[in-house]
Every structure is written in structure tokens, then in C-alpha cells.
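[1] Structural data only, the sequence is not supplied:
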């Protein structure tokens, strides 16, 4: 059976450049070869909904067209189907005073986050800093080795993975028929509610957000509890 948009699948993957340099993986044997001190949090199958830009769009498009559960794929992507081509307008001249204000001492090769964009410093000369905001893999042909482990039908598991992707944290939630009830601390309520339409589109669930006022220690426990309940 072919895969459809909004199907949740679990995969193992390795991404590398056309010349074999690995830049991403969630497979232990691959990460261990790259660095014996790798982050062990990376070693877990990745769950995502197809067609929702939760993974690289070029890979998602390929799997929607040809993917089958239990099969392995080697997907070659041209730059336009991966991270795009390098663009000269993304190489910008920035005044040194911006870095001084942030107490940053810039040097060539340094990467930093500037208003949500990652830039790499190319050169520092006097009061001027040249920064490259192109994606590090822009202009490169890529290969993804993908192993589709399974399709996920359990609504709780799908909801947990979607929450993890959107908010980078676990939340307490409960599903009743077509309604999703989420509990969050006060300052998160309005932000979570911005995703009501997305939860309806992807999971066909009506999102309801409840505020909870707790101490800092209680909130840590709540997040942990939410992660455990949804596993």
C-alpha cells in the first residue's frame, strides 16, 4: 500500500553529501563511527507525518511517491530539492558594533544565531564583519539512506510525536474521541492555541488548551509526567 499525506511513519536515516561526508543520522553505528562522544539522544527512530515538512521536503516527496513500509531507500537529491543553491544576497556585511553590543568577539569560522538565522563568519576586518547566512549544505547534492520501519496508527503515539516536533518538549495531553485536551502553564496557552488548525489538519483532532498555574518544580514534574504518559 502506498503512503499518503499525513501518514505517520518511523524511520532510521543517514544523510550525507555526494562525496560521502555524513552530516546527520539517528543510527547508533553511524554516529559511533563519526564520534565516540556522540549525543545518545540522537539514537532513536524518527517519527513524522508525511507532507508536513517535518523532514526534508525532497525526501518526503520521494517517500510519498515510492515509499513502502519495511523497505530501504537511497534517495539522491539535487540542491534545489535539498537545501537550495547558495545565494549571494545571503552573504552580508555587518558592523562590528552589533557583536560588541552582544559581547561577542567574532572570528572567521564562528557560527552564531542572529534573530533566528544561523550565520557563519567569513572574515573580520576593522569595523566590518562578513557573515554567510546560506545553509551550510546549500548548493550540495545529498544522499539520504532511509529505512522505513513502520507506519504508526496509534493516535496517542502520533500526537506525542507531533507535539514533540512542534514544541520541542513533552506536554500533558488526553484524547477523547475527536478532541485533544492539553495542559500547559499560563504563558504557553496562547502560543499553543496558534496550532489549532494544524492539529485538525494533521491529526483530525480539535485542540483544547487548559492553563495550569504551578511552581517551577511542579512544572518540571508535569513535563516529565506528560512525556511518560504519552510514551
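    The structure has been received and is ready for your questions. Worth saying up front: this structure is predicted, and the values here are computed from it rather than measured.
[2] all contacts plus neighbour counts: C-alpha atoms, from now on.
    Will do.
[3] phi, psi of the closest residue to residue 8 other than its chain neighbours?
    In space, residue 8 comes closest to residue 49 once its chain neighbours are excluded; the distance is 4.3 Å by CA to CA, 6 or more residues apart in numbering. Torsion angles at residue 49 (phi, psi; degrees, to the nearest 10) stand at phi -100, psi 130.
[4] didn't residue 49 look like it was pressed against residue 11?
    No. At 11.1 Å, residue 49 does not count as touching residue 11 under the criterion of CA atoms under 8 Å.
[5] thinking again about what came up before, list the contacts of the residue nearest to residue 8.
    Residues near residue 49 by CA atoms under 8 Å, 6 or more residues apart in numbering: 5-9, 162, 202.
[6] Quick one: buried ones out of those residues?
    7-9, 162, 202 (16 or more other CA atoms under 10 Å).
[7] Narrow the residues you listed to those in helices?
    In this view, these that belong to helices under DSSP state H are 162, 202.
[8] Which single one of the buried ones among the contacts of residue 49 is nearest to residue 140?
    For the buried ones among the contacts of residue 49, the closest approach to residue 140 (CA to CA) belongs to residue 9, at 26.7 Å.
[9] Pull up the gap between the closest one and residue 163, please.
    To residue 163, residue 9 is 15 Å away according to CA to CA, to the nearest Å.
[10] And residue 193, by the same measure?
    For residue 193 relative to residue 163 (CA to CA), the value is 12 Å.
[11] With residue 125 instead?
    Taking CA to CA, one finds residue 125 at 44 Å from residue 163.
[12] Mind checking which of those two has more residues around it?
    Set residue 125 next to residue 163 and count neighbours by other CA atoms under 10 Å: residue 163 wins out with 17 against 9.
[13] residues touching the more buried one, list them.
    Residue 163 neighbours (CA under 8 Å, 6+ apart): 169-171.
[14] Highest neighbour count among those?
    In these, the most neighbours by other CA under 10 Å go to residue 171, 23 neighbours.
[15] domain assignment for the protein?
    The chain breaks down by automatic domain parsing into domains covering 1-84+138-153, 88-132, 154-231.
[16] how about a markdown table for those domains, with mean pLDDT added?
    Putting those into a markdown table (pLDDT from 0 to 100) gives the following:
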| stretch | mean pLDDT |
| --- | --- |
| domain 1-84+138-153 | 92 |
| domain 88-132 | 90 |
| domain 154-231 | 84 |
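[17] how about the strands in the chain?
    8-17, 22-25, 46-49, 72-77, 91-95, 111-114, 117-125, 128-132, 142-152, 172-176, 179-185, 206-212 (DSSP state E).
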